[in-house]
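> Provided below for reference: sequence and predicted model.
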Amino acid sequence: MRAVDALMECLKAEGVEVVFGYPGGANLPTYDAFVDAGIHHVLVRNEAGGGHAAEGYAKVTGKVGVAFGTSGPGATNLVTPIVDAMMDSVPVVFFTGQVRTELLGTDGFQEADTIGITMPAVKHSFMITDPRELPRIIHEAFHIAGTGRPGPVVIDLPQDLSKVDIPYEPVTDVHLPGYQPRTTGNAKQIRQAARALAAARRPVIYAGGGVVAAGASDELRRLVRGGRFPVTTTLMGLGTYPAPDDLWLGMLGMHGTRAANYAMDEADLICAIGARFDDRITGKLSEFAPRAKFIHIDVDPAEISKNIPAHIPIVGDAKQILARLDAEYTAQDADASRLDAWWQRIHTWQERHPLRWEPAADGQIKPQQVIEAIHRITGGDAILSSDVGQHQMWAAQFYDFPEPRRWVNSGGLGTMGFGLPAAIGAQLGDRDRTTVVITGDGSIQMNIQELATIRQENLPVKVVVLNNGYLGMVRQWQELFWQERYSHVDMNTYGGEEASPDFVKLADAYGIRGVRLTEAATFEDDLRAAFEAEGPAFIDVRVVRDEKVYPMIPAGEAARDMVG
Amino acid sequence: MVDTNELLSLDELEAAGHLRTGRKHVLSILVENKPGVLTRVSGLFTRRGFNIDTLSVGPTDDERISRITLTLDGAQNPIDQVTKQLHKLVNVLKIKDLEPAETVARELALFKVAVDAQTRSEVRELAEVFRGKVVDVGRRSIIVEVTGDRSKIEAFERLVRPYGLVEMIRTGEVAISRGREET
């Protein structure tokens, strides 16, 4: 069969149900193979949308996402999703078309050095030079993408090779001598960690996206509850520990709660699990958690002691390690009352500094209250696919996630335009769950063309734009740290007139019901109606323009210097 | 109830990662002999801001495997991070941070030195002392080949520089561990 038909067989063998992509010249053979393959291919409106949709699918299902693009511009449009998937450790296999081998290196039409361009941002990549190797390489790509610390893998397939007739036999094993992720943590280290936890007077459990990736949420909950440990998560880890809960401190980091950040600041022991001490977490590194010793559990050894030297490093799969750590800790039979004073201190912070917002005096809608309303309307059970900016932080702060894989966002790369396409993948990954895009008037316009995909796939995605007419996060920084010198953040006015697009009409043009909400007193009923109506909805919520995200650790400062 | 004597006191814990070692390191890296592998290795150094002193690549006794010998300064580079990041490359099979005392390291250098009838013999004598080889003699210059460890080559360079060093090229070190054990 043709190499591209073998490709389809490999996808089926990997259990792929849905892929996202865009055809072009160099991948015509692949798209010909789709005709008879019986695989659900979602035609997006920009390759970047396909890449993010594959990420959204992977984030919600835990399976490997798949995206297709053609050579040249198709591949370069995929660069952002590839880097995004690398930063957030999302398992996605990207198939890019490539010009015919005789044209390689000649600046042929729609030729780009896809392997070269993506090399610094992939977990691994393959250039196909012998079509007979394609089946084995596809399975290797899925294996690499989905195991260990997940990540993106690129397969670049020249057009001529993709048509070659090859003998296809199912591949049952992969052989990668240079790739053997460690899974079982060192038993001695785990025991040492248990003893350190039992000795700690001011411990904090700090969990990240790695706990989501490892499917270790249950194990985390058992350890936390067994030890009565204060627990916080990163933006990427939301939902691994259910919110709200007595032991839950809220998210930590730049826009995390004071309780979480102050607890890190005063902790004597921090147990980091699948988290990487990103600068949005640590603030000023030299003043981060100055009194703490660190247990660091991660499947990627390179994360250990990268930013913060670990006292007890444990490399391996978080699910296994947490289960064993819980058992070892229980065996320590530590006195839970040793944490009483610590909890008292934390409760003081929680009472003094809850996350809060004030209603607007003039009846306008506050963005935070929209998130709270969505929580009520969806019973806290929705998938939220967020874009990047203020709305993302408000969603993270005010939508309490009861389970992992419900919060889909671009954390590491911070890709505006991520939310809408990612929601397409998320909805297809979990068809029965309400899927909501939380976005802003800036982010939504970066990939708004994907409304057409939502319409064509008839997906009941609810798009909520927290519309303040500003690039709000940039504006916030200009207000707070750049002496209110506003530079190109106003998206709403031109010559004194309102210049923002009429999103309701725009949605209508895409065949999606649009509604505009402006009154704090009445918006929730209309929002509920839009959510309860069948099919997709586009809700343009006009919110107070200059609302800021608080609290906040100014960039490069220490946690105890939080403002707001 | 827990007996506190059995507990690991948090004060006993010392940080494991010493981020800077402060000495020169020679990494011997076995990689799959496939297109683009060297680019992946060198690209990783660029992206992470690591600084390579020397790098040499060559075949091994197994044609599917190449060896990269790489030297870098542990005062400026977090060696622990360097090796861990290298290990993440799928084509990297094995990395050894060679112990200086347990390692034979050699580098080859070619020196083109400006000479006249008088100084030619002086440079030839120097080459002999360093067990170098004169590989080319011209009317106004001479080319000397010197093999040795880094300090020997640098010593030779210091000695011939006053004569007028027209050009010099060094291969970068290759290294192998002493004794029966495989590098």
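Thanks, I have the structure now.
> centroid residue for chain A?
Among the residues of chain A, the one closest to the centroid is A:Asn409, at 3.6 Å (C-alpha atoms, centre = their mean).
> would you mind measuring from that residue to A:Glu519?
A:Asn409 is 28 Å from A:Glu519, where distance means C-beta to C-beta, to the nearest Å. Where you see a C-beta, it was placed from the backbone N, CA and C, and this is true even at glycine.
> one step back: quick one: residues contacting the residue nearest to the centre of chain A.
Residues near A:Asn409 by C-beta atoms under 8 Å, 6 or more residues apart in numbering or on different chains: A:Leu235, A:Leu384, A:Ser385, A:Ser386, A:Asp387, A:Val388, A:Gln392, A:Ala395, A:Ala396, A:Phe418, A:Gly419, A:Ala422.
> is it correct that B:Val90 is in contact with A:Ile144?
Yes: the criterion here is C-beta atoms under 8 Å, and B:Val90 meets it with A:Ile144 at 6.4 Å.
> more crowded one of the two?
The residue with more neighbours, out of B:Val90 and A:Ile144, is A:Ile144; 26 against 21, by other C-beta atoms under 10 Å in any protein chain shown.
> pLDDT score for the more buried one?
The model reports A:Ile144 with a pLDDT of 98.
> contacts only, for it.
Per C-beta under 8 Å, 6+ apart, neighbours of A:Ile144: A:Lys123, A:His124, A:Gly151, A:Val153, A:Leu176, A:Tyr179, B:Val90.
> for B:Leu165, same thing?
Residues in contact with B:Leu165 (C-beta under 8 Å, 6+ apart) are B:Phe111, B:Lys112, B:Val113, B:Ala114, B:Glu157.
> may I have the beta-bridge partners of the most centrally placed residue in chain B?
Taking C-alpha atoms, centre = their mean, the centroid of chain B lies closest to B:Thr71, which sits 3.3 Å from it. Note on B:Thr71: beta-bridge partners by DSSP bridges are B:Val26, B:Thr54.
> what sits against it?
B:Lys24, B:His25, B:Val26, B:Leu27, B:Ile52, B:Asp53, B:Thr54, B:Leu55, B:Gly172, B:Glu173.
> just A:Thr434 next, same as before
A:Thr378, A:Asp381, A:Ala382, A:Ile383, A:Pro460, A:Lys462, A:Phe531.
> quick one, helices of the stretch 401-550 of chain A?
Remark: helices assigned in the stretch 401-550 of chain A by DSSP state H, counting those that start in this stretch are A:419-429, A:451-457, A:472-481, A:503-509, A:523-532.
> tabulate the ones you listed (TSV), appending distance to B:Val123.
Below are those laid out as TSV (distance: least, C-beta to C-beta, whole Å):
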stretch	distance to B:Val123
helix A:419-429	69
helix A:451-457	74
helix A:472-481	63
helix A:503-509	80
helix A:523-532	87
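> wait, A:Leu103 touches A:Glu111, no?
Yes: here A:Leu103 reaches A:Glu111: they are 6.3 Å apart, a contact under C-beta under 8 Å.
> look up phi and psi at A:Val153.
Backbone torsions of A:Val153, given as degrees, to the nearest 10, read phi -130, psi 130.
> relative to chain B, how far out is it?
9 Å (C-beta to the nearest C-beta, to the nearest Å).
> please list only the buried members of the contacts of A:Ile144.
Buried members of these, scored by 16 or more other C-beta atoms under 10 Å in any protein chain shown, are A:Lys123, A:His124, A:Gly151, A:Val153, A:Tyr179, B:Val90.
> show me what contacts the fourth one?
What that stands for is A:Val153. A:Val92, A:Val93, A:Phe94, A:Val122, A:Lys123, A:His124, A:Ser125, A:Phe126, A:Ala141, A:Phe142, A:Ile144, A:Ala145.
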